[in-house]
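>>> structural data only, the sequence is not supplied:
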């Protein structure tokens, strides 16, 4: 039951061991957010939460609560190494007001986050007061670890930023691979995904993005940002995505001159935006008239690409 699930999470956060929680097949109606929080500076312990399959184990927030919130310390004194894995489950109808991650929020410092073989549908994260929030389906933050989101399906999730997924790292590695994003929406940035890194590495590979939208801003399928790191977008299909301003399929935003964007072997079809229907790249975001590095190879465009360059 959800009560037993929370009891297992509470025990795992305090027993100072690596833990696996198995969630049996069934539909679980979540009426209070499931939480796991550690911050005692003991270098952390690994937690794996696994269901019986995304078509078997279903967590339903009923449109009223965030489903799962995991925090292992977001500051330097947090639990380094407290890796988190979530797999083989479905998250439906989670709803988060003035917080991140309607379906799932995972936040840590030196931790590795893996979310795989799950489905996320009709989850939302919206602001009522204050600043916009992110991650309708998933919000994942690991300042200096790795974030891997693979083999999932995201449909009809919504948020202010990152309708399907919001992922952020300072210097770590973010990999978004082999997922399907359809019908997700953001008020501002990244209808499908909003991915940000300062000096780390971002890879977006072998995904399909269809019918996602950024209703009032940029990046209908993907919004991606790097200050000085490297972004690679390869072997994806972007179709029927839209943005009100820039980048119906993808909007790339590069800050310092050392940042690099590689866009290889993608298909862009029938995406729409005010500028850059399929792709928009701003490679001189610091405004010093020297563009960052952009490599654009072997893509198939049905519309147009647009560039704000140095």
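In hand now; what should we look at? Just so we're clear, the structure is a prediction, and the values are computed from it rather than from any experiment. Residues are numbered from 1 along each chain as shown.

>>> what sits against residue 132?
Neighbour list for residue 132: 160-161, 187-188 [criterion: CB atoms under 8 Å, 6 or more residues apart in numbering]. In this view, the C-beta of every residue, glycine as well, is placed from N, C-alpha and C.

>>> make a PyMOL selection of the buried ones in the residues you listed.
Command for PyMOL, covering only those of those found buried under the criterion 16 or more other CB atoms under 10 Å:
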select buried, resi 160+161+187+188
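
>>> closest one of the contacts of residue 132 to residue 151?
Distances from residue 151 to the contacts of residue 132, taken as CB to CB, are shortest for residue 161 (23.5 Å).

>>> kindly state the beta-bridge partners for the closest one.
Beta-bridge pairing of residue 161 under DSSP bridges involves residue 134, residue 189.

>>> what's the end-to-end length of stretch 180-192?
Distance between the boundary residues of stretch 180-192 (CA to CA, to the nearest Å) amounts to 9 Å.

>>> off-centre distance for that stretch?
Between the centre of stretch 180-192 and the centre of its chain there are 10 Å (CA atoms, centre = their mean, to the nearest Å).

>>> just stretch 45-65 next, same as before
17 Å.

>>> quick one on the thing from earlier: what's the most distant pair in the contacts of residue 132?
Applying CB to CB across the contacts of residue 132, the maximum distance is between 161 and 187, 7.6 Å.

>>> what residue ranges in this protein score low on pLDDT?
Across the chain, the stretches falling below the confidence threshold (pLDDT under 70) are 40-43, 74-79.

>>> if you set the cut-off to 80 instead, what comes out?
Low-confidence regions of the chain, defined here as pLDDT under 80, cover residues 39-44, 73-81, 128-130, 310.

>>> which residue ranges form the helices in it?
Along the chain, the stretches classed as helices by DSSP state H are 2-14.

>>> check contacts around the residue nearest the centre of it.
The centre of the chain sits closest to residue 165, judged by CA atoms, centre = their mean, with a distance of 2.7 Å. Listed by CB under 8 Å, 6+ apart, the contact partners of residue 165 are 135, 137-140, 149, 154, 176, 181, 192-195.

>>> JSON lines for those residues, including distance to residue 251 and neighbour count?
Converted to JSON lines, the contacts of residue 165 look like this (distance: CB to CB, whole Å; neighbours: other CB atoms under 10 Å):
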{"residue": "135", "distance to residue 251": "18", "neighbour count": "36"}
{"residue": "137", "distance to residue 251": "20", "neighbour count": "37"}
{"residue": "138", "distance to residue 251": "20", "neighbour count": "35"}
{"residue": "139", "distance to residue 251": "20", "neighbour count": "29"}
{"residue": "140", "distance to residue 251": "20", "neighbour count": "30"}
{"residue": "149", "distance to residue 251": "19", "neighbour count": "28"}
{"residue": "154", "distance to residue 251": "18", "neighbour count": "30"}
{"residue": "176", "distance to residue 251": "15", "neighbour count": "28"}
{"residue": "181", "distance to residue 251": "15", "neighbour count": "30"}
{"residue": "192", "distance to residue 251": "11", "neighbour count": "39"}
{"residue": "193", "distance to residue 251": "11", "neighbour count": "34"}
{"residue": "194", "distance to residue 251": "10", "neighbour count": "30"}
{"residue": "195", "distance to residue 251": "11", "neighbour count": "29"}
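
>>> just the ones of these in strands?
For the contacts of residue 165, the ones inside strands are 138-140, 149, 154, 176, 181, 193-195, with DSSP state E as the criterion.

>>> of the residues you listed, closest to residue 88?
Closest approach to residue 88 among the ones in strands among the contacts of residue 165 (CB to CB): residue 149, at 14.3 Å.

>>> you'd agree that closest one is up against residue 176?
Yes - with contact taken as CB atoms under 8 Å, residue 149 and residue 176 are classed as touching, separated by 5.1 Å.

>>> so what sits against both of these two?
With contacts defined as CB under 8 Å, 6+ apart, the residues shared by residue 149 and residue 176 are 165, 167.

>>> what residues sit buried inside stretch 250-261?
Neighbour count says stretch 250-261 has 250-256, 259-261 buried, by 16+ other CB under 10 Å.

>>> tell me the gap between it and the middle of its chain.
How far stretch 250-261 lies from its chain's middle: 18 Å, per CA atoms, centre = their mean.

>>> can you list contacts of that stretch?
Stretch 250-261 has contacts (CB under 8 Å, 6+ apart) with 189, 218-219, 221-231, 233, 238, 243, 263, 268, 276, 278-286, 288, 290-295, 310.

>>> which of these count as buried?
Neighbour-count burial (16+ other CB under 10 Å) applied to the contacts of stretch 250-261 gives 189, 218-219, 221-231, 233, 238, 243, 263, 268, 276, 278-285, 291-292, 294.
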